[in-house]
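# what follows is a predicted structure for the sequence shown.
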Amino acid sequence: MIALFTALGLALVAGVHPNSISHTSIEVDGESLRIEIRCQALTLRETLPGLDTDGDGELSREELDTGRAAIAAYLRSRLEVRPGPGESDAPVVHLTLESMEAFEEEKDDLRDWIRIVLSASTPADMAALSIRNRCFLESNQKHADFARVAWRGEGPVSFLFAGEERSWLFEPTAVRRPGVLLSFGRLGMNHILSGWDHLTFLAVLIVAARSLRSLAWVVTAFTASHSLTLGLAAFDLVPLEARLVELAIALSIAYVAADVLLRRSPRGLGPEAFVFGLLHGLGFAGFLRDAMASEPLVISALVGFNLGVEAGQLAVILPLGLALAFFSRRNGLADGDLERGLAPAWLRMAACGTAVLLGLWWFIQRAFIA
């Protein structure tokens, strides 16, 4: 108890209050820039104690007007906005203080807030914004600013200035889209190449195929189905229960592999690939939704991720399929002995037997261990 009251006393002496936050909205329209900052009045008083000239703990209209120059100078020194894409030698945009007013926020215990509006002119060819926000750290080193930028008619993009994250390079949609496609493409490729359950399912499809032509149809069915559920789940159009999906994926691997073992002969797995591809798409979607939680370019992220998944699949299927066809002693790569299949019988049996064991192990692991 003594330690608790000591900590509270030190906090009061230091003038630091919990939940120190502010909101910064930046709007770019043509060559004009408008910034609206909403901060707690207590935060502003702690940062610039000279504003409260009468010492009553409040900021009146007169005190705000008197401290106008000091507030403007402070904000210019702590909020730096430069034309992008973030060159260090780009000049800082000169911010002009337009207005200030006090208002109350009913949803906050600290109801007294200050709204400050700044404006500036920007270059016509400005393609991005480099923002450095160190406002109000004097009052609380853990101060958080919830910022957003609305760029020339586009929807707002959010960013949190907190902790060590005090700089933000904002890029509009036209500039960001190629980068988003590429980054989510890499993410999709890495996800499929590191997903042993998905790779195992692909391996079963490959060794069970009767020919390269048969394999192509099976892979097409698998791609179409998992792309469908990936898109639907990413937009919350189908329910997604991650644990049940992962259990079903494990069982799908064991089931398809066991079916190939019991039949002992190659056959087209088109129907199974399509049906169980729907499950695998939901598995991809669970990961993707977490990855793009703060990404406003949802469609670009979805397309990039899906292309990356397909590229990863092809990186596995093409070399294995061609290698099996080359070593199968057939006259043609695509039209071989349909009774023998693309893979030798011993390889088909060994691969599917391993897949059954892996599928069952993953099911047990996900159901009872994880």
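Nice, I can see it.
# buried stuff in the longest helix anywhere in the chain?
Of all segments of type helix in the chain, defined using DSSP state H, the longest is helix 298-326. By 16 or more other CB atoms under 10 Å, the buried positions in helix 298-326 come out as 300-310, 312-313, 316-317, 320-321, 324-325. (C-beta placed from N, C-alpha, C; glycine too.)
# same question for stretch 48-57.
Quick answer for stretch 48-57 (16+ other CB under 10 Å): L48, L51, D52.
# follow-up on the earlier one: rounded mean pLDDT for the longest helix of the chain, please.
Here helix 298-326 scores 90 as its mean pLDDT.
# how far does that helix sit from the chain's center?
21 Å (CA atoms, centre = their mean, to the nearest Å).
# which secondary structure elements does it contact?
On a contact count with 3 or more CB pairs under 8 Å, 6 or more residues apart in numbering; DSSP states H and E, helix 298-326 meets helix 173-194, helix 196-208, helix 212-234, helix 270-291.
# will you turn those into TSV that also has mean neighbour count?
Converted to TSV, those look like this (neighbours: other CB atoms under 10 Å):
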stretch	mean neighbour count
helix 173-194	17
helix 196-208	23
helix 212-234	20
helix 270-291	20
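# CSV for these, including distance to I116 and mean pLDDT?
Formatted as CSV, these follow (distance: least, CB to CB, whole Å; pLDDT from 0 to 100):
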stretch, distance to I116, mean pLDDT
helix 173-194, 28, 89
helix 196-208, 52, 92
helix 212-234, 38, 89
helix 270-291, 36, 87
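# and the most centrally placed residue in the chain, its phi and psi?
What sits nearest the mean C-alpha location of the chain, by CA atoms, centre = their mean, is M292, with 2.5 Å. Phi and psi for M292, reported as degrees, to the nearest 10, are phi -110, psi 30.
# for stretch 238-247, buried residues please.
Buried residues in stretch 238-247, defined by neighbour count with 16+ other CB under 10 Å: L240, V245, E246, L247.
# checking W168 next. Helix, strand or coil?
strand (DSSP: H, G, I helix; E, B strand; the rest coil).
# picking up where we left off before, contacting residues for the residue nearest to the centre of the chain?
Contacts for M292 (CB atoms under 8 Å, 6 or more residues apart in numbering) come out as F184, A234, V298, A301, L302, F305.
# chain neighbours aside, what residue packs nearest to the first one?
Pointing back at F184 there. G304 (3.5 Å; CB to CB, 6 or more residues apart in numbering).
# now for the one you found: which residues touch it?
V180, L181, L182, S183, F184, G185, L187, G188.
# turn the residues you listed into CSV, columns for distance to H94.
Converted to CSV, these look like this (distance: CB to CB, whole Å):
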residue, distance to H94
V180, 32
L181, 36
L182, 35
S183, 34
F184, 37
G185, 40
L187, 40
G188, 43
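# now, which of the residues you listed sits nearest I71?
V180 (37.5 Å; CB to CB).
# residues in contact with P296?
Per CB under 8 Å, 6+ apart, neighbours of P296: G155, V157.
# report how many residues lie close to the residue nearest to L247 when sequence neighbours are not counted.
Residue nearest to L247 in three dimensions, not counting chain neighbours: R366, with 5.4 Å by CB to CB, 6+ apart. The number of residues packed near R366 is 19, by other CB atoms under 10 Å.
# what about R366, distance to L261?
22 Å (CB to CB, to the nearest Å).
# break this protein into its domains for me.
Here the domain parsing of the chain from automatic domain parsing is 19-171, 176-369.
# pretty sure R186 is touching G308, no?
Yes. In this structure, R186 is within contact of G308 by CB atoms under 8 Å, at 6.2 Å.
# is it true that F201 touches E272?
No. With contact defined as CB under 8 Å, F201 and E272 do not form a contacting pair (9.7 Å).
# mind listing what's buried along the helix or strand containing R115?
Assessed by DSSP states H and E, R115 sits inside strand 112-121. Buried residues in strand 112-121, counted by 16+ other CB under 10 Å: D112, W113, I114, I116, L118, S119, A120.
# next one: stretch 27-37
Within stretch 27-37, the residues scored as buried using 16+ other CB under 10 Å are E27, V28, L33, I35, E36, I37.
# determine which two of those are furthest apart.
Farthest-apart pair in the buried residues of stretch 27-37 is V28 and I37; separation 15.9 Å (CB to CB).
# for S211, state which of the buried residues of stretch 48-57 is nearest.
Nearest to S211 among the buried residues of stretch 48-57 is L48, at 77.4 Å by CB to CB.
# so that closest one versus A72, what's the distance?
11 Å.
# P344 is in contact with A325, correct?
No. Checked against CB under 8 Å, the pair A325 and P344 is beyond contact range at 11.8 Å.
# wait, E310 touches T223, no?
Yes. Checked against CB under 8 Å, the pair E310 and T223 is within contact range at 6.2 Å.
# shared neighbours of the two, anything?
Counting by CB under 8 Å, 6+ apart, E310 and T223 have no common neighbour.
# ok, A41 touching D112?
Yes. In terms of CB under 8 Å, A41 counts as a neighbour of D112; the distance is 3.9 Å.
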